[in-house]
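*Asks:* need coordinates for the following:
(one chain, ligands or ions: 1)
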Amino acid sequence: MGVTITGWGTALPDKVITNADLEARLDTSDEWITERSGIRERRIGDSCAELAIGAGRAALARAGVAPADIDLLALATTTPDQSVPATSAHVAFELGLTCGAFDLNAACSGFVYSLVAASGMVGGHVGRVLLIGAERLSRITDWEDRSTAVLFGDGAGAVVLEAVDGPGDLLAWDLGADGSLRPILYADLHGYITMNGREVFRRAVRAMVDSAQATLERAGVSAAEVTLLVPHQANIRIIEAATQRLGIPMERTAVVLHRTGNTSSASIPLALADAAESGRLSPGDLVLLCGFGAGMTWASALVRWSAAA
Ligand code: UT7
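*Replies:* Residues are numbered from 1 along each chain as shown. Next comes the predicted model:
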């Protein structure tokens, strides 16, 4: 059996922090943040579970699926609310689910990792999966550190996956991890995000391009056939460099980071849902999801879009 995406949803906190707000409290400027990252505002607040519940509920409603019909919950997050239990247990309870539920941490690659993992579990008694990427990065951001405070935000995005006969719509994928690169981006327990931005930037472009190309090759699909690239939303310059190397123009790339900042596991489903909501996706379209993150991890997946506009 394969899977298809039948619903999507998002949740963002109400509180907006603009570049001007940051300019007022840090040695930074709207000009620097916009030019170097493309980010203009981000939203912060709500717990990881609250955001995940909001996005999950919206995705269930869009798919027209009752909580009782969900057979598995996967929550990608790098900022769970507690060490124990998994935040997915809280989310499952609030949504009225009693099926299997697990958290997955692959940093910003987490949503695609979860998509691949959950797809592999579909079949038999698992017919429908709720897949959520949710983050409260503001909890592990040092708001006095201008090199990271300007980049991150909170949010969640979710999709409903349903089993279909045949190979389904997940056409190919690529996952990877290079743990020797742990020191360039990390947060210790109870600590803040620490990052060598330049090094992450350099590695990120290469990892995204290599992973996306591996996925396309496995699917036997060319970059020209990709309708929409949905990259991890970390930095507009990373996205531009990757699209250039992949040969996919920015017009065929989903971008929401100017209003969300980098939301790690939530960034790809937020950008995907935005594209679906704004009518950019039609049945038959080929969508290439592609992320990288702390670890370093990378992940890409080629998905055929089947949901009606
Ligand atoms: O999800 C994955 C996580 N992270 C990423 O993907 C981040 C990847 N890296 C990046 O996005 C970029 O490297 C940054 C946006 C973090 C930084 O941009 P950059 O062009 O690589 O700048 P830089 O780190 O080389 O810093 C340039 C200058 C430095 O000053 P000097 O040494 O040239 O005097 C920094 O101290 O900019 C300074 N700087 C700032 N200035 C104003 C660093 N942060 C700021 C700031 N405002 N917020």
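*Asks:* for the most centrally placed residue in the chain, give me its contacts.
*Replies:* When CA atoms, centre = their mean is applied to the chain, the residue found nearest the centroid is Ile268 (3.1 Å). Contact analysis of Ile268 by CB atoms under 8 Å, 6 or more residues apart in numbering lists Phe111, Val112, Gly133, Gly157, Val230, Pro231, His232, Gln233, Leu289, Gly291. Using the backbone N, CA and C atoms, a C-beta is placed for each residue, glycine as well.
*Asks:* pretty sure it belongs to a strand, no?
*Replies:* No. Read with DSSP: H, G, I helix; E, B strand; the rest coil, Ile268 is helix and lies in no strand.
*Asks:* pull the residues that contact the lengthiest helix in the chain.
*Replies:* If you go by DSSP state H, the chain has its longest helix at helix 197-219. The contact list for helix 197-219 (CB under 8 Å, 6+ apart) reads 147, 171-174, 176, 181, 184-185, 222-223, 226, 229, 231-232, 234-235, 237-238, 241-242, 245-246, 288, 290-292, 296, 298-302.
*Asks:* ok so, going back, leaving out the residues flanking it, which one is nearest to the residue nearest to the centre of the chain?
*Replies:* Nearest in space to Ile268, with sequence neighbours left out and distances taken as CB to CB, 6 or more residues apart in numbering, is Phe111 at 4.7 Å.
*Asks:* and the residue of the stretch 101-250 of the chain that's closest to the ligand?
*Replies:* Gly197 (2.9 Å; CB to the nearest ligand atom).
*Asks:* buried ones in the helix or strand encompassing Arg259?
*Replies:* Following DSSP states H and E, one finds Arg259 within helix 257-260. By 16 or more other CB atoms under 10 Å, the buried positions in helix 257-260 come out as Leu257, Arg259, Thr260.
*Asks:* pretty sure the second one contacts Arg40?
*Replies:* Right, the one you point to is Arg259. Yes. If you go by CB atoms under 8 Å, Arg259 and Arg40 touch, sitting 6.6 Å apart.
*Asks:* one step back: any idea which of the contacts of Ile268 is closest to Cys99?
*Replies:* Cys99 lies nearest to Gly133 out of the contacts of Ile268, by CB to CB, at 18.5 Å.
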